[in-house]
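Participant: coords please:
(one chain, ligands or ions: 1)
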Amino acid sequence: MSSSQPSILKKLIGNAPLRTVLIVPFVLQIIGAVGIVGYLSFRNGQKAVNDLASQLRTEVSSRIDQHLDSQLDTARHLAQVNADAFDVGLLDPKDLDNMARFFWKQMQLFNVGFISFGAPGGEFAGAGYVLDKNIVSGISNPKQHGNRNHYIYNTDSQGNKTTLIDIYKNYEFEKELWYSNTVKARKQTWVVYQWEITPFPLAVSANKPIYDKKNQLIGIIGIDQRLSQISDFLRQLKVSKSARTFIVERSGLMVASSSTEEPFKLIEGQPKRLNASESSDVLIRSTSQYLVKHFGDFDKIKDTQQLDFLLNQERQFVQVLPWKDEWGLDWLVVVAVPESDFMGQINANTRTTILFCIGALVVATVVGFYTSRLITEPIALLSKASQDLASGKFDRTVEVSGKNELGVLSESFNDMAQQLRDSFKALENTNAELEQRVEERTVELKIAKEMADGANRAKSDFLANMSHELRTPLNGILGYAQILQRSEPMTQKGRGGVDIIYQCGSHLLTLINDVLDLSKIEARKLELHPTAFHLPSFIQGVAEICMIRAQEKAISFDLQIDSQLPTGVCGDEKRLRQVLLNLLGNAVKFTEKGGVIFHVDVIKDAEFSNSSSQLNLNQKIYKISFRVEDTGPGMTPAQVKKIFLPFEQVGDLKKQSEGTGLGLAISQKIVGLMQSEIAIDSRAGIGSIFSFEVALPEAKDWAESSRIVEQGTVLSYLGEKRKILVVDDRWENRAVLVNLLEPLGFEMIEAADGKEGMERALATKPDLILTDLAMPVMDGFEFLRQIRGHPQLRDAIVLVSSASVFEIDRQKSLDAGGNDFLPKPVQADVLLGLLQKYLQLEWVYDETVTAGKKAQDAMPNEMQIPAIEILQLLDEQAQSGDLDAIIEMAEEMQTANPEHAVFANKIVVLAEKFQVKELRALIAEYLSQV
Ligand code: ADP
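Facilitator: Numbers count the residues shown, from 1 in each chain. Model prediction:
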């Protein structure tokens, strides 16, 4: 049996109401039991009926057989006895009266219908039953009476004729078949014939011819058995209610039957034998028709047969028994019994069984209904109470009735509810206590948090102040170390010492700056300030810085930029640069052989339209992936785990001393602010891959927005059109400058190296040249030298633009003849300041967009804030009221550092108006932002 069956049953039972579950099996059992018993009794009954019918038919047939045997034997014997009596001379054919008396006496002894003797001369003597039950004797004696009349007499107790009852006129017995057939046959023979006398009884007679010694016929002895006697016998046989028995000749003519019908019909006063297949009795007719149909002919039935057939859809059992004797009688005895005679009772029983079944069903349903109600009502109450309990009504109880299982269950339920009430009460109390405790703890925690916040603030303030305080003297140290390095004649040892001072100072400054960054991040004061910038040149600039370091270390540096990279994007350029420089710097720093590859790719699938309301709806957002691969020492997984923690350094100790252990911690936090994370794939001895992805919205107006300065957006300049030659091997860098300057009305000329630069310069005579330092074919230094050496170009204004962070490069470029230095990546306002200064330009501004927009950055761009020592000096002078000195210093600043022009301007205006207080406030404001 499959395991799913019980589960289906369970499911069915589980979903049905309890009442159904209780009643249905009960009712099913009853139907099953009664149904099976009813069916079996019906089947057994039917079988018994079949057996019984068979036995009955056999029984009845054999009784008929016996009866015929005895009846017809008697007739046969009597015929023989009488013939013998003639033979031995006991009977005289001439003494008819005596013969009639003899016959009368025989009639008293034997159960036959009539005993007759007919002689060829017309003499006739007989005794037997004619009309009623009395035995009469009849005599025809033509010789004596002179006619053929037949005289019938009453008899006395000795058989002597007494009174004449009736005279049958002209009785020609010779015409009767018993006589004529036997005469013809000349031997003993059976004849079925009809009396010529009304009511024409049908008789079977056993006849024997008597011959004298000369073989002359003396007469015929005939012993009649009236067939009505056999019919009577058949009728009084108790077979069954509507069973029929009948006897037919092989010809199909009816001999006798148990029906009331005579075996002959009167047609025009003449009797005519009836064929069994034409009987008016349905069962007899159909049975004989069936037999003819079944056997083809009555003649073909050779031995006893048991058959059955359907009449009006009902089965009829039939038995056919051939009956023969040695005198040539050949009859068929048929017994037909309808099954319904027996099945009637059985069908009635079945009906009673069905009625009982229905009654039992009704009773079972009603009883089941009430029983189940007795069970389900308390259960329903319990279930309702438990539902109430589950929904929080804990005061629910159930009435306990009786001591049976349900009573016990109700009691247990009440106990359970009580326990629950108690438990909830206890729980409520505990809760209240807990709440109280939580409140107390919250207050304590609040106080603790306030204290901790205070401490944290104090720490941040302390760190900010400390770094501020530390940086001030450091600036002095570094500044003078540089001055000493460049100018003062010194011993070898002294120079070495100054170098160490400079290196240690720089290290300390980096450390302080890092600590400040970290503390700002930790105090959540670090915010991103997104601006629009030119991405390719930004990357180029970052890469160039590292490339220089890589070249120094003689390792390769490969930059692989996706060609699909957007041009202008919006992001915190400064912070992004800080992260990239850190990763690239580390890669270059730790790699001793092999090299570094810097991949910048656009992640295709991530390109999507921004739906944020803050930004332009159609603005595309690019997901850019930055990946720095190196063939450095790599790290073990354990080391990788540590390196993002502040001050954690791993690996080579010598290398460690070069760093602070803060770079990655800060970078990770910055990338975190950009909603991303730096991932590392590093293998010790093989190398490391540092990567991260950031979403940068596209900024198509990067060039325009970077032209926004204090006075507004620079639109163009007054005066004639100026030509500017840009010499740079990288198209990205040239593109930045061309994109920035062309819209302002400059004619831009480009050259990819110094050699091309010279050619272009000679051909176009530019008003200003912007040149890179590191270039193939001819580098920037050579280019400068050639310019300065060329008579036509000697006085050209050349601005050197480089990513080099080394002061020495800056100095070298100026020494080689550069007019000024423009650090890479190019800052638009610095560039514009330099152009204004060297080309004496007067800008035309769109004042609707002022630098106020740019000032949305909480902190002004660092490039606009003067060095701390200058600010401090200004502050000191403001304190001592030396306004002239302030104005002088500011003017110097304006020329020396155009990027500080805005600040310097403000100072001059305030100083000239003697607004010392405002002056100090302005300086203090700038100081606070350093
Ligand atoms: P540091 O100033 O020492 O470079 P970082 O936070 O930038 O500080 O790096 C922490 C440590 O992670 C480094 O000291 C170094 O041990 C390890 N590290 C960083 N980048 C690499 C790299 N590319 N290859 C091997 N080790 C590295």
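
Participant: what are the ranges of the helices in the stretch 801-930 of the chain?
Facilitator: Counting by DSSP state H, counting those that start in this stretch, the stretch 801-930 of the chain has helices at residues 807-815, 828-839, 851-854, 868-880, 883-896, 901-912, 916-929.

Participant: how about those helices in CSV, adding mean pLDDT and mean neighbour count?
Facilitator: Where you see a C-beta, it was placed from the backbone N, CA and C, and this is true even at glycine. What follows is these, written out as CSV (pLDDT from 0 to 100; neighbours: other Cβ atoms under 10 Å):
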stretch, mean pLDDT, mean neighbour count
helix 807-815, 73, 16
helix 828-839, 86, 20
helix 851-854, 42, 15
helix 868-880, 82, 17
helix 883-896, 77, 16
helix 901-912, 78, 19
helix 916-929, 81, 16
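
Participant: Dump these into CSV; add distance to I680 as well.
Facilitator: Listed next are the helices of the stretch 801-930 of the chain as CSV, based on distance: least, Cβ to Cβ, whole Å:
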stretch, distance to I680
helix 807-815, 32
helix 828-839, 35
helix 851-854, 36
helix 868-880, 36
helix 883-896, 44
helix 901-912, 42
helix 916-929, 34
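
Participant: Out of the ones you listed, flag the one nearest I267.
Facilitator: Nearest of those to I267, taken as Cβ to Cβ: helix 851-854 at 141.8 Å.

Participant: Next up, the contacts around N170.
Facilitator: Residues near N170 by Cβ atoms under 8 Å, 6 or more residues apart in numbering: N147, R148, N149.

Participant: would you list these in CSV and tack on neighbour count, secondary structure and pLDDT?
Facilitator: CSV is the format used below for these (neighbours: other Cβ atoms under 10 Å; DSSP: H, G, I helix; E, B strand; the rest coil; pLDDT from 0 to 100):
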residue, neighbour count, secondary structure, pLDDT
N147, 14, coil, 90
R148, 17, coil, 88
N149, 15, coil, 90
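
Participant: Within range of the ligand, give me the residues from this protein.
Facilitator: Selection of the chain residues close to the ligand by Cβ under 6 Å from any ligand atom yields 582, 586-587, 590, 630, 632-633, 635, 643, 649-651, 656, 659-665, 688.

Participant: between the contacts of N170, which is closest to V130?
Facilitator: For the contacts of N170, the nearest to V130 is N149 (14.9 Å; Cβ to Cβ).

Participant: Torsion angles phi and psi at the closest one?
Facilitator: phi -70, psi 150 (degrees, to the nearest 10).

Participant: so it touches Y171, yeah?
Facilitator: Yes - the pair N149 / Y171 is scored as a contact, 6.6 Å apart, by Cβ atoms under 8 Å.

Participant: Overlap in contacts, these two.
Facilitator: S140.

Participant: and which of the contacts of N170 is nearest to the ligand?
Facilitator: R148 (163.1 Å; Cβ to the nearest ligand atom).

Participant: State the distance from that closest one to G122.
Facilitator: 6 Å (Cβ to Cβ, to the nearest Å).

Participant: can you pull out the helices in the stretch 201-350 of the chain?
Facilitator: 227-236, 282-295, 340-390.

Participant: can you give me the offset of the longest one from its chain's centre?
Facilitator: A distance of 40 Å separates the C-alpha centroid of helix 340-390 from that of its chain, computed with Cα atoms, centre = their mean, to the nearest Å.

Participant: Show me what it is packed up against.
Facilitator: With contacts defined as 3 or more Cβ pairs under 8 Å, 6 or more residues apart in numbering; DSSP states H and E, helix 340-390 has these neighbours: helix 18-87, helix 405-486.

Participant: Take these and lay them out in JSON lines including mean pLDDT and mean neighbour count.
Facilitator: Listed next are the helices and strands packed on helix 340-390 as JSON lines, based on pLDDT from 0 to 100; neighbours: other Cβ under 10 Å:
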{"stretch": "helix 18-87", "mean pLDDT": "84", "mean neighbour count": "16"}
{"stretch": "helix 405-486", "mean pLDDT": "82", "mean neighbour count": "13"}
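
Participant: So which of the residues of the chain next to the ligand belong to helices?
Facilitator: N582, N586, A587, F590, Q656, G663, L664, A665 (DSSP state H).

Participant: could I get those as a markdown table with neighbour count and pLDDT?
Facilitator: Formatted as a markdown table, those follow (neighbours: other Cβ atoms under 10 Å; pLDDT from 0 to 100):
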| residue | neighbour count | pLDDT |
| --- | --- | --- |
| N582 | 23 | 91 |
| N586 | 22 | 91 |
| A587 | 27 | 93 |
| F590 | 21 | 90 |
| Q656 | 13 | 67 |
| G663 | 23 | 86 |
| L664 | 23 | 89 |
| A665 | 22 | 88 |
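
Participant: from those, which single one is nearest K493?
Facilitator: Q656 (27.4 Å).

Participant: Can you list phi and psi of S691 for me?
Facilitator: Torsion angles, degrees, to the nearest 10, at S691: phi -150, psi 160.

Participant: got the contact list for the nearest residue to it once chain neighbours are set aside?
Facilitator: Closest residue to S691 apart from its sequence neighbours, by Cβ to Cβ, 6 or more residues apart in numbering: R627 at 4.1 Å. For R627, the contacting residues are I597, F598, H599, V600, D601, I689, F690, S691, by Cβ under 8 Å, 6+ apart.

Participant: Burial check on the last one, number of neighbours?
Facilitator: Other residues near S691 come to 18 when the count uses other Cβ atoms under 10 Å.

Participant: so it touches D630, yeah?
Facilitator: No - if you go by Cβ under 8 Å, S691 and D630 don't touch, sitting 11.9 Å apart.

Participant: Identify the contacts common to those two.
Facilitator: What both S691 and D630 touch, as defined by Cβ under 8 Å, 6+ apart, is an empty set.

Participant: Tabulate the helices and strands packed on helix 340-390 in JSON lines, adding columns for distance to S257.
Facilitator: Formatted as JSON lines, the helices and strands packed on helix 340-390 follow (distance: least, Cβ to Cβ, whole Å):
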{"stretch": "helix 18-87", "distance to S257": "11"}
{"stretch": "helix 405-486", "distance to S257": "75"}
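
Participant: I555: which of those helices is closest?
Facilitator: helix 405-486 (27.3 Å).

Participant: which residues does G138 form a beta bridge with?
Facilitator: G126, I152 (DSSP bridges).
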